[in-house]
Structures are given as structure tokens and as C-alpha cells.
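Asker: Predicted coordinates and the sequence they were generated for:
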2 protein chains.
Amino acid sequence: MLNHKAAGLTLTNNLQSTLNIIWVVHEHAPQCHIIKLGTMGEYGTPNIDIEEGWIEIEHKGRRDRFLFPRQASSLYHTTKIQDTDLLWFYVRTWGLRVTDLMQGPVYGLSTQETELDEQLGAFFNYDEIFGTLINRFIVQAVAEYPLTVYGKGGQTRGYLNIKDTLACVALAVMNPTEAGELRVFNQITETFTVNELAGKVAKTGKERRHNVEIKSIENPRVELDEHYYNPTYTGLKDLGLSPHYLTDEVLHGMFEVVERYKNNIQEHKIFRGVQWK
Amino acid sequence: MLNHKAAGLTLTNNLQSTLNIIWVVHEHAPQCHIIKLGTMGEYGTPNIDIEEGWIEIEHKGRRDRFLFPRQASSLYHTTKIQDTDLLWFYVRTWGLRVTDLMQGPVYGLSTQETELDEQLGAFFNYDEIFGTLINRFIVQAVAEYPLTVYGKGGQTRGYLNIKDTLACVALAVMNPTEAGELRVFNQITETFTVNELAGKVAKTGKERRHNVEIKSIENPRVELDEHYYNPTYTGLKDLGLSPHYLTDEVLHGMFEVVERYKNNIQEHKIFRGVQWK
């Protein structure tokens, strides 16, 4: 963790922004469909199957439907849980229409649009804070910087291609919710462990004659590095999503772009030992 | 709801205060036991039994333990849910010691200490925002102002005497939690519907020769006015709480004090038509 001031900024900035959107919609466009980017990180890694936002609980012979239990492993992700609480309160009270997209870590550099011209390239982070795992591993492989696996590397998460991120948001736009409905989709297309991803990136990197090494380091996060993980993610496919999976071809395509910009890689930004505790 | 600005203040003020406490404890007294006043309002009125903060969920043949699902019926109570999320994140990450007391509506005017001298009297609200139900009904009865029942009056909540509030906090102080534990107690001693309480207050009021009328008004809140409600509240009794129940004698005692100050009652403050939606 950085410090008290930064924590306060994360908390207030994230929640106040959500509140502002809620109020402006309520006061000026109450029929407007709010599409909110949440995160799969809200759920953490429970020992039961992760449903799409909601769960029916049977307890002592009675039943009710609740938001799926959430517990995250960073303050940022905790504020996303709080966002969901806030949205759900106003959806119930004011009958707002909200879709909350529980997105997993995104990978990829290109979309149909960015491929039209090099100048349209998407933002691409490869550092330990904003760089999501697959993007970061590919940069590390190209820079011949050991792939940094946290702890045992058994952390499993759901991933998706940046092309599918855009498709999911578009599908949500084209299929608005009913008034008074908080609809939740788990926005991922397949799951991998960190070790599986390190293995895939190392294999592709070696095929492209990079000298790739995998290195386990002490986990800077408080999280289980071996755990059960079985999320449901059928809602967006039911709306028509056809996923781009993490094939060898996709990996080679990402390597190609990163290799083209190899000289731009700032190695000292890849890993500076940020502690998430 | 008041307005956007007031909502932002409630949100930021409540959460930033909790964050400040968390950080000051972490940085300066990490062994300190934080006792936080939450509210039974965090749970709402689920159709399953309300446990003390935690629930073990069995789902598709697997089990895990989670914070009990929470959904409140005001923004204020929603920020208390968010407080619990925040505390639980830091308890897991930093090993803090926290007791979160889910308190029900408190009634009563006197404690052992306030009875020593009239000048030590506790704060006493009887308006529709801060005045809790039993206190407000007694003032209404003494002022011969109809008891305002919201909707059908079937709203059930857990209540406790102000003497027990103090005893509960003292019991939490004397029995600190382990490091890394978020302990939750449901701080109530018995449950009543609004109609039951209106009936009790009316009966006592009539015995004291007040002209008491019960009047149902349109519910200014978004809430169920008839629902299942079965909370567990054994934790504090297990620590030694011996409850003061809402007996006729207790009601007569409260009437006595309110009657003594009858001329101070500001009738126009009892009900001004605040809307909670």
C-alpha cells in the first residue's frame, strides 16, 4: 500500500464518480442505461462456483437471491465492490437501469479499429501496477527480462482479448436492462493459472528466438496462490459474443507488435517491487 | 433523498472517517482493537434467517464462509455496508482486530449514569430522521400527536434499551478479538413490528390518560412493510449481556420522563414529510 492519502483518494475518487453518474442520470435522463466497468477481482477466489453477479442462497430451509459475496485483494478492487453496493441501492430505490460488467484482466494490443492505422494504437501498460499479466509477460519475454511469477503461480483468473472487451460493451449497449434491474455479466472468455500463462508466453517467445526465463518471486500481494476457481460466464455469449481465444496465433501476433517497438521498452518500469500489503 | 451534494457528503464523510481510523491504528497502534458501530439496517429484510455477520454457503456441492449478504434501505445504511467491506479488506490484509456491532434501533432515556443527575441526561431525538421509533412514539403520545405508522406497519426490526447499548460496547471492549478477525455481533435484544410497538405505546399512553391515536400514512421509504425477519443475536448474551426488555414498567418509566419535559416538545419537528426515495 502506498499511504493514507493515496488510499483516501482511491476511495473518494472512485465512489464519488459513481455517485455523480447515478445522480446525473436520475435527475436528467432517468431512462438512461448505465454500463459500469466492474471487475472479476470483486469476487476474489471463493471456494464455491462464481455465478454472474447473483446467487440464490438456501439457508435453514428458506431461500432468497442476493448479490454474489464479494471480497477483493486490493483497496481499488474493494471500491469496485462498494460501487456495486451503491448502484444496487439506487437501482432498487429509483428503478435505474444498470449493467455491471465484471471484467477480467484484458490482453492484446489491436482491435479492428487500431489495425487501420498505427497511430490509432491502444494504450498499452506493461508495468506491475497497470500492466495486466499477458501483456507484461510478452514485454518481459521480448526484453529478455525474466517473467515474474508471484509465489507458486497457481493464481487462476479469467482473461479476455481487448477485441472482446469492446464487443461486450457494445452488446450491453445494444441490449439495455429493464428499469429497476442491476444486470451483472462476468466479462471473461477463458481461465488460466499464472503458471500456464508463463508457460505459453515462454514457449512462443522461444519459438521467436527470445531467451525467455521464468522466475518465481515472493508474492507482494495477500492472496491465495493455489485455490479453487470456477466462474460462470455465459451471459455475454448468450447475447452473441463470439470470443477471441488466446491461441498461438494470437500470441505470435502480440509478440510481433511488441518486437516492432522493442526499443521503446523501459525495463526499469517493469518491476519496482510494489507491495500490495 | 435530499440532493446530490448531501449524498456525496454522507458517502465521503462516513467512509473517509472509517479509513482514517483504520490507517491511524495500522500506523500507530496495530494491536488496538477497533470497535465499530454498524447497524442491523445493513442486512435489510432477507427472506432467510439473519446470522451474526457471517454465513456458510453451500452451493453446488462446495462450501465457503462469507460476510452475510447485505442490502440496506437508505444511502446512510449503504455506507455502513461499505464500511464493513472496507474493514474486512484491511482485517484480511493487515491483520487488524475489529468488532463490528450491528445495532438495532435504540430506545430509552436513562442509564445508570444519567440517573445520577438530571444534567447528565442523554441526547434524545424524536424527529422522523434521527428519532428512533419507540422514543418518537412516546413523544407523539405525550404530545397527543397521532402515532405515525408507515404503510402496513408490518416492518419488523430488532430493538434494544440504551442501557444494553452501553453494556454491549463495554463487553466488546473487555473481550477483544484476535488479530486478523472481523467479529460481528447483532446488537439487539428482541424484535417487534411497528404495529406491535404502536399498540404497546398506545396502551401505556391510555393508561396514563393521554389521548392516543394510531395513524397509518403512506410509506415514505422504499421497504417491505410485511416480511420475514428472523435475526440471530446470541453472541453478546454469550459474553454476559443480560438484556433490559421492553416491559410495561420500562414504557411507564419513559413516559414519566417525557411527560416531565412535555413543554419542550417541538411538535413541528415530529413529522415534516421527509421522503426516503
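Answerer: Okay, I see it.

Asker: What's the end-to-end length of stretch A:19-37?
Answerer: Start to finish, the residues bounding stretch A:19-37 are 14 Å apart (Cα to Cα, to the nearest Å).

Asker: Contact partners for the residue in the stretch 101-250 of chain A positioned nearest to chain B?
Answerer: Relative to chain B, the nearest point of the stretch 101-250 of chain A is A:V222 (5.0 Å; Cβ to the nearest Cβ). For glycine as for every other residue, the C-beta is placed from the backbone atoms N, C-alpha and C. Taking Cβ atoms under 8 Å, 6 or more residues apart in numbering or on different chains as the contact definition, A:V222 lies against A:73, A:276-277, B:92-93.

Asker: Need the max-distance pair from these.
Answerer: A:W276 and B:R92 (12.0 Å; Cβ to Cβ).

Asker: now the helices: where do they sit in the stretch 101-250 of chain A?
Answerer: A:133-142, A:162-174, A:194-207, A:235-238, A:248-260 (DSSP state H, counting those that start in this stretch).

Asker: any chance of those in CSV, with mean neighbour count too?
Answerer: Formatted as CSV, the helices of the stretch 101-250 of chain A follow (neighbours: other Cβ atoms under 10 Å in any protein chain shown):
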stretch, mean neighbour count
helix A:133-142, 25
helix A:162-174, 18
helix A:194-207, 19
helix A:235-238, 17
helix A:248-260, 16
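
Asker: Switch those helices over to a markdown table; also include distance to B:E249.
Answerer: Listed next are the helices of the stretch 101-250 of chain A as a markdown table, based on distance: least, Cβ to Cβ, whole Å:
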| stretch | distance to B:E249 |
| --- | --- |
| helix A:133-142 | 66 |
| helix A:162-174 | 60 |
| helix A:194-207 | 65 |
| helix A:235-238 | 58 |
| helix A:248-260 | 76 |
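
Asker: low-confidence ranges in the stretch 101-250 of chain A?
Answerer: Within the stretch 101-250 of chain A, no range satisfies pLDDT under 70.

Asker: One more pass at 90, please.
Answerer: A:112, A:115, A:118-119, A:121-123, A:129 (pLDDT under 90).

Asker: tell me which parts of it are close to chain B?
Answerer: A:222, A:228 (Cβ under 8 Å from any Cβ of the partner chain).

Asker: between the contacts of A:V222, which is nearest B:Y228?
Answerer: When these are compared against B:Y228 (criterion: Cβ to Cβ), the nearest one is B:R92, at 31.4 Å.

Asker: quick one: secondary structure of the closest one?
Answerer: helix (DSSP: H, G, I helix; E, B strand; the rest coil).

Asker: Per-residue confidence, it, what does it come out as?
Answerer: For B:R92, the pLDDT comes out at 96.

Asker: Distance of it relative to A:A72?
Answerer: As judged by Cβ to Cβ, to the nearest Å, B:R92 and A:A72 stand 10 Å apart.

Asker: quick one, which of the two is more surrounded?
Answerer: Using other Cβ atoms under 10 Å in any protein chain shown, the more surrounded residue of B:R92 and A:A72 is A:A72, with 23 against 18.

Asker: ok so the more buried one is a strand residue?
Answerer: No. Assignment of A:A72 by three-state DSSP gives coil, placing it outside any strand.

Asker: got the contact list for it?
Answerer: A:39, A:41-44, A:78, A:80-81, B:89.

Asker: of all those residues, which comes closest to A:T114?
Answerer: A:T39 (23.1 Å).

Asker: Next one: the nearest residue to that closest one once chain neighbours are set aside relative to A:L86, how far apart?
Answerer: Closest residue to A:T39 in three dimensions, ignoring its sequence neighbours and counting by Cβ to Cβ, 6 or more residues apart in numbering or on different chains: A:K80, at 5.1 Å. Distance, A:K80 to A:L86, using Cβ to Cβ: 10 Å.
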